[in-house]
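A.B. asks: Have a look at this prediction, sequence included:
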Amino acid sequence: MMQLVLICALAYVCISLGKTALAFYYINLYERQYQPMLARLQSDSDLSTAASRQNSIATATRAYSDPSQVTIVQAILSGDPLLSETLQANIRSNPHCRFLWLVDEDDAEGRRITAFIQERERARLEQQSDGSGGQGKAELRIVICPPCPNGTNPKLFKLHFARQFYSTECLIVLDDDTLLPDRTRQALQAGLSQHALVTGLPVYRTDGRLATRLLAQFVNNNAALTYLPLAPLLPPISINGMCYALSQASLRALCNFEPLLSHLTDDLAVSDWLKRHGPHAGRIQQLPLVQYIQTSLTGCKQYRRQMQRWFCFAILLLKKESFGMQAVIWFLQGLPPILLGVTVIGALLFAGSHLLWGIWLLGTVLVLRVIWIVSLQLRLDRRIRYRPLLSELSELLQILHLQQALFSNVIYWRRRRYLVRANDDFTDLDAAT
């Protein structure tokens, strides 16, 4: 038994260190290859603006560097106490972009919040026009959307409904609880010059509640180790649906989302469709740059529902992959929490008869875990906060979350319940009743 625990501990450390090394390699590769391109595009954009806006090369350059060529579209749904704050923070972070907010006609609170921000923004611009400044002239439009039909993805339904307003070259689909830094926006936009879709990494900010802090540890510890290790070796399996960028060519390939309306997981549906039909041979770029998510979870019930939904989506992703890819995903993502669980339980069980051995083994594994997670987080964004006990707990709980998702196919998404049979086969239980 002691040998089994030691083998599990060594396997956990080796797999995790290997993933971390690949993630660092991809970050360095991105900085060497794409950061100079981003700087060159920005320089060319400045020169083209000063020279001539009618030149086709100058126009193409501006499309991937000029923030006025970006529409940030957000499907809005009230209920999060941080909604107004996050929406306004995005305007401040991206003052020269266009914003398109998609609000349900029966969402009175969402309509009130967005109308208030729109009026406040209009008053600010009028005040600026009367003064000497002309900075930060974001264009903001609110689109009121009809009720979503049953069997249709609510987010994709809104995106398809607002298709007539997608006039800029770059469209960034951003969740309403996500804050997009300007640096990441520039990289998303520049990446579209060579890719059909560009996406980034989520980083969660907490509001101090236990459930939110636990969710933040899960995301902040796993996002980079999930999306980045395979990026230098294979095309991205899926994308971060909280934030991704599309070009007009990609929108045409997607038929403005119409073929995907019956798919529950919009990020998986969009990435799969573009891989088959998208421009630039369907290439997808995974950025090692972050977006900040601010979600408030009131308690453990909300946390459990959130995790069940994410793990249900992960199972849907696994089902569509080949056996070989399923094995790779399981080895890299599914196996480590089990290995850590066996290590912790084994070390505790042997604490009586082999106290020093158990303490040494568990302590070594946990210290190494802190080193690889914190070093990667510091490389990505120094504002990420590592919480030791909650971090280990969030990884061990993944075993329970997976079991729950395997045995229950009813998920909660915002205010509704869905019975999920497949990605393109689900029922809105609240609408059905």
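C.D. replies: Great, that's in hand. Numbers count the residues shown, from 1 in each chain.

A.B. asks: The longest helix along the chain packs against which elements?
C.D. replies: Ranked by number of residues, the top helix in the chain under DSSP state H is helix 2-33. Applying 3 or more Cβ pairs under 8 Å, 6 or more residues apart in numbering; DSSP states H and E, one finds that helix 2-33 contacts helix 210-227, strand 284-294, helix 335-349, helix 355-380. Using the backbone N, CA and C atoms, a C-beta is placed for each residue, glycine as well.

A.B. asks: closest one to S193 among the ones you listed?
C.D. replies: Nearest of the helices and strands packed on helix 2-33 to S193, taken as Cβ to Cβ: strand 284-294 at 10.2 Å.

A.B. asks: Skip ahead from that closest one and say which helix or strand is next.
C.D. replies: Toward the C-terminus, strand 284-294 is succeeded by helix 300-320 as the next helix or strand (DSSP states H and E).

A.B. asks: care to break this structure down by domain?
C.D. replies: The chain breaks down into these domains under automatic domain parsing: 2-20+323-432, 68-299.

A.B. asks: Next, format the helices and strands packed on helix 2-33 as CSV and append mean neighbour count and distance to I27.
C.D. replies: Shown next, in CSV, are the helices and strands packed on helix 2-33 (neighbours: other Cβ atoms under 10 Å; distance: least, Cβ to Cβ, whole Å):
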stretch, mean neighbour count, distance to I27
helix 210-227, 22, 9
strand 284-294, 23, 4
helix 335-349, 19, 20
helix 355-380, 16, 6
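
A.B. asks: any chance of those in a markdown table, plus distance to V420 and mean pLDDT?
C.D. replies: Putting the helices and strands packed on helix 2-33 into a markdown table (distance: least, Cβ to Cβ, whole Å; pLDDT from 0 to 100) gives the following:
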| stretch | distance to V420 | mean pLDDT |
| --- | --- | --- |
| helix 210-227 | 21 | 94 |
| strand 284-294 | 23 | 94 |
| helix 335-349 | 23 | 92 |
| helix 355-380 | 31 | 92 |
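
A.B. asks: Could you export the ones you listed as JSON lines, including distance to W273?
C.D. replies: JSON lines is the format used below for the helices and strands packed on helix 2-33 (distance: least, Cβ to Cβ, whole Å):
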{"stretch": "helix 210-227", "distance to W273": "19"}
{"stretch": "strand 284-294", "distance to W273": "11"}
{"stretch": "helix 335-349", "distance to W273": "30"}
{"stretch": "helix 355-380", "distance to W273": "29"}
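
A.B. asks: Which one of the ones you listed lies nearest to N94?
C.D. replies: strand 284-294 (11.6 Å).

A.B. asks: That closest one relative to helix 355-380, how many degrees between them?
C.D. replies: With axes from the mean of the first three to the mean of the last three Cα atoms, to 10 degrees defining the directions, strand 284-294 sits at 100 degrees from helix 355-380.

A.B. asks: and strand 284-294, which strands flank it?
C.D. replies: Strand 284-294 sits in its sheet next to strand 178-179 (antiparallel), strand 197-205 (parallel), going by DSSP bridges.

A.B. asks: among these, which is nearest M2?
C.D. replies: Nearest to M2, of the strands paired with strand 284-294 and by Cβ to Cβ, is strand 197-205 at 37.6 Å.

A.B. asks: pLDDT on that closest one, on average?
C.D. replies: For strand 197-205, the mean pLDDT works out to 95.

A.B. asks: CA-only coordinates of that strand in CSV, if you can.
C.D. replies: In CSV, the C-alpha atoms belonging to strand 197-205 read as follows (Å, rounded to 0.1, in the frame of the first residue of the first chain):
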residue,chain,number,x,y,z
LEU,A,197,-10.9,32.6,-33.9
VAL,A,198,-8.8,33.9,-31.0
THR,A,199,-9.5,33.3,-27.3
GLY,A,200,-7.8,34.0,-24.0
LEU,A,201,-7.6,32.7,-20.4
PRO,A,202,-10.2,33.3,-17.6
VAL,A,203,-9.1,34.7,-14.2
TYR,A,204,-11.7,34.9,-11.4
ARG,A,205,-11.9,37.7,-9.0
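
A.B. asks: can you put the strands paired with strand 284-294 in TSV and add distance to H280?
C.D. replies: Formatted as TSV, those follow (distance: least, Cβ to Cβ, whole Å):
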stretch	distance to H280
strand 178-179	25
strand 197-205	9
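
A.B. asks: Point out the most buried one among those strands.
C.D. replies: Comparing the strands paired with strand 284-294 by mean neighbour count (mean count of other Cβ atoms under 10 Å), strand 197-205 ranks first with a mean of 24.

A.B. asks: out of the strands paired with strand 284-294, which comes closest to A9?
C.D. replies: strand 197-205 (28.2 Å).

A.B. asks: Could you pull up the contacting residues of the residue lying closest to V219 once chain neighbours are set aside?
C.D. replies: Closest residue to V219 apart from its sequence neighbours, by Cβ to Cβ, 6 or more residues apart in numbering: Y204 at 4.5 Å. Shown in contact with Y204 (Cβ atoms under 8 Å, 6 or more residues apart in numbering): T212, L215, A216, V219, N220, Y292, I293, Q294, T295.

A.B. asks: returning to that earlier point: among the helices and strands packed on helix 2-33, which is nearest V103?
C.D. replies: So among those, strand 284-294 is nearest, using Cβ to Cβ, at 18.9 Å.
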